[in-house]
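Predicted model and sequence below, questions to follow.
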Amino acid sequence: MSLLLNSSFTGASSACLLHRERSRSRRHHVPGVTCRQGSNGDRSDAARQQQSPLLLDRRDMLLGLGGLYGVTAGPKVLAAPIMPPDLSRCSDAKAPALKNNCCPPYDPNEKISEYGFPATPLRVRRPAHLVKDDQEYLDKYKEAVRRMKNLPANHPWNYYQQANIHCQYCNDAYYQKNTDDVHVQVHFSWIFLPWHRYYLHFYERILGKLIDDDTFTIPFWNWDTKDGMTFPAIFQDAASPLYDPKRDQRHVKDGAILDLKYAYKENPASDSEIIRENLCFIQKTFKHSLSLAELFMGDPVRAGEKEIQEANGQLEVIHNAAHMWVGEPDGYKENMGDFSTAARDSVFFCHHSNVDRMWDIYRKLRGNRVEFEDNDWLDSTFLFHDENEQLVKIRDCLNPTKLRYTFEQVPLPWLHINCQKTAETKSKATTELSLTRVNEFGTTAQALDASNPLRVIVARPKKNRKKKEKQEKVEVIQIKDIKVNVNETARFDVYVAVPYGDLAGPDYGEFAGSYVRLAHRKKGSDGTQEQGHKKKGKLKLGITPLLEDLDAEDADKLVVTLVLRTGSVTVGGVSINLLQTDAPAVI
Ligand code: C2O
């Protein structure tokens, strides 16, 4: 077996590779991911810059790949897992952009079967920008999609029926069983990654069946590497079934660089700056959330809950940008920019294939530790239509190999890159001092204003935390009671800086992460659009490694700046808390 991620670790010194820490109280051993001064002595700055910020013990990687997949926890029931939707009630799934109802046409009384793992060859998903000259593969892909589009409109495998599945699960088409009004929603929570994994899996298998090729795979949009950061060319030929005219033509043309912080405004930075920003955003997403899965994957959601504050993980946040960037800039942002239509564009599946790959990398970087041992996650169950209606549980999708697919190994440039601000930018930020007083958040909700970022001073629960404390608890910024207009996309970015007493300089400090929520329009059954419907969310951003970068460990308080990028947003509070980690701290 080849060593996954192998090439990514070439910058590491052997001292780093052999370094390992153990946590006394944990069931799992803890692979060393720290390799800064103090842990291995007198390493030079140059060497430190070379090494990956997400360094892992190579032996752990090998061990993990040898089959540590699996769930070790005993039963743990907190509430109840999300169950498949009540198929008899799919009544108001009308989404305005679809101009039709996205409920499935098939019989809700059809026999439902349990999923069986496929006994097929291992299928290898490849990067979209690298398959563009593989004519044989492309012909197959196009033929499969062409056949899917030509199936009778009511066939469950029909291309648009497949796309509607996304609408059903995302646009409140279904209710949860045994509830009056709790919808099934697969975004904004820990369900996001597993549901989309299954969705792609069935889609890929259906395409393979249509061309009688059980080795067929969809490609992945390798947007985490420079050459993959443009819109994949294979979807651009207007004569191909992979084409979709409903895209932002400025972006899908050759050469435009995907902006992972896109918010319906063009980034004035140069291409190479945007590429670097993207790589650093991806690095931060991993680094800041490696010690606690919910920061990366999203918060729990359990059966019957409707008043909870939804919290998506930072991977979902990053993924939203590509949706926005590909979809039309106006109107309903069709197709990619709105959940109800997103899967009508073939690039949706290619994009999500990379999202799924990011999860796979996250898993491996954490020593193959299953992210949540909570049965409410593991037993959450969805329904898909392949040959049959099939029930699938999250616990069965945790190992892609069992679903018989994997990803071609390609370099991970974001793992190496030095994203620290240069000394020059740092000193510029601190010499241009025009200090202003910054207040605490206060007790009333605050509306964000695009021209005047919200800056608040927030007390830390503890300063000068020792290394061991950081391994046990991760410091997290929490923003609660986030309200958006669900009819429009919302985005704000969060920055963290060290104050001077209660005064802050003009520099917002380090980027910590973002809140992004795509538009989520739907029509009620009477046809009226739900105007101004508000739904609450929260945002959690790990900042332990960021405070190290800022040299802020001895600060009592931090200045948190919220920069509204698009949409209308109010927030109900900003706090800093310590949360128990579930994997080694990355510091
Ligand atoms: Cu279900 Cu990329 O969204």
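All right, it came through fine.

Return the backbone torsion pair for the closest residue to the ligand within the stretch 351-500 of the chain.
Residue of the stretch 351-500 of the chain nearest the ligand, by C-beta to the nearest ligand atom: H352 (5.7 Å). C-betas here are computed from N, CA, C, even on glycine. Main-chain dihedrals, H352, degrees, to the nearest 10: phi -70, psi -20.

Please determine how far it is located from A256.
21 Å (C-beta to C-beta, to the nearest Å).

Could you check which of these two has the larger neighbour count?
A side-by-side neighbour count of H352 and A256, using other C-beta atoms under 10 Å, places H352 first with 25 against 18.

quick one, what contacts that one?
196, 199-200, 319 (C-beta atoms under 8 Å, 6 or more residues apart in numbering).

pLDDT wise, what is it at?
H352 is assigned a pLDDT of 98 by the prediction.

again with N487
For N487, pLDDT reads 78.

and it, how many neighbours?
Every residue meeting other C-beta under 10 Å relative to N487 is counted, giving 18.

low pLDDT regions in the stretch 51-200 of the chain?
51-78, 91-100, 106, 108 (pLDDT under 70).

can you map out the helices along it?
Counting by DSSP state H, counting those that start in this stretch, one finds helices in the stretch 51-200 of the chain at the ranges 58-65, 135-150, 159-170, 192-210.

Work out the gap between the next helix or strand after the last one and the centre of the chain.
Scanning the chain past helix 192-210 towards its C-terminal end, the next helix or strand to appear is helix 249-252 (assignment: DSSP states H and E). Taking C-alpha atoms, centre = their mean, to the nearest Å, the mean C-alpha location of helix 249-252 is offset from the chain mean by 23 Å.

what residues does helix 249-252 touch?
So helix 249-252 is in contact with 231, 235-236, 256, 258, 266, 325-326, 329, going by C-beta under 8 Å, 6+ apart.

Averaged pLDDT, that helix. What do you get?
Helix 249-252 shows a mean pLDDT of 96.

Same question for stretch 493-501.
Average pLDDT, stretch 493-501: 95.

now what about that stretch, what contacts it?
Against stretch 493-501 from outside (C-beta under 8 Å, 6+ apart): 261, 435, 438, 457, 477, 479, 504-505, 507-515, 539, 541, 543, 546-547, 550-552, 555, 557-563, 565.

how about 6 Å then?
Here stretch 493-501 makes contact (C-beta atoms under 6 Å, 6 or more residues apart in numbering) with 457, 508-514, 552, 555, 557-563.

List the ones among these that fall in helices.
Using DSSP state H, no member of these falls within helices.

which SS state does V516 fall under?
With DSSP: H, G, I helix; E, B strand; the rest coil as the basis, V516 sits in strand.

what residues are up against it?
317, 320, 491.

Out of these, which sit inside helices?
317, 320.

helix/strand/coil for the most centrally placed residue in the chain?
Geometric centre of the chain, nearest residue: L315, 2.0 Å, by C-alpha atoms, centre = their mean. With three-state DSSP as the basis, L315 sits in helix.

burial of K467, as a residue count?
K467 - counted by other C-beta under 10 Å - has 14 other residues nearby.

correction: T406
16.

Is it in a helix, a strand, or coil?
Following three-state DSSP, T406 is assigned to strand.

Most proximal residue of the stretch 451-587 of the chain with respect to the ligand?
For the stretch 451-587 of the chain, C-beta to the nearest ligand atom, closest residue to the ligand: L518, 7.7 Å.

Kindly state the domain boundaries assigned to this structure.
For the chain, the TED database gives the domain ranges 108-415, 424-580.

Go through the ones you listed and pick out the most buried.
Highest mean neighbour count of the domains of the chain: domain 108-415, a mean of 20 (counted as mean count of other C-beta atoms under 10 Å).

Let's see which of the contacts of stretch 493-501 end up in strands.
Among these, DSSP state E puts 457, 510-514, 557-563 in strands.

out of the residues you listed, what pair is the most spread apart?
Farthest apart among these by C-beta to C-beta are S514 and K557. That separation is 22.4 Å.

quick one on the thing from earlier: between the ones in strands among the contacts of stretch 493-501, which sits nearest T401?
G513 (31.0 Å).

so what's the closest one closest to, chain neighbours aside?
Once flanking residues are discounted, G513 sits nearest to L541: 4.1 Å by C-beta to C-beta, 6 or more residues apart in numbering.
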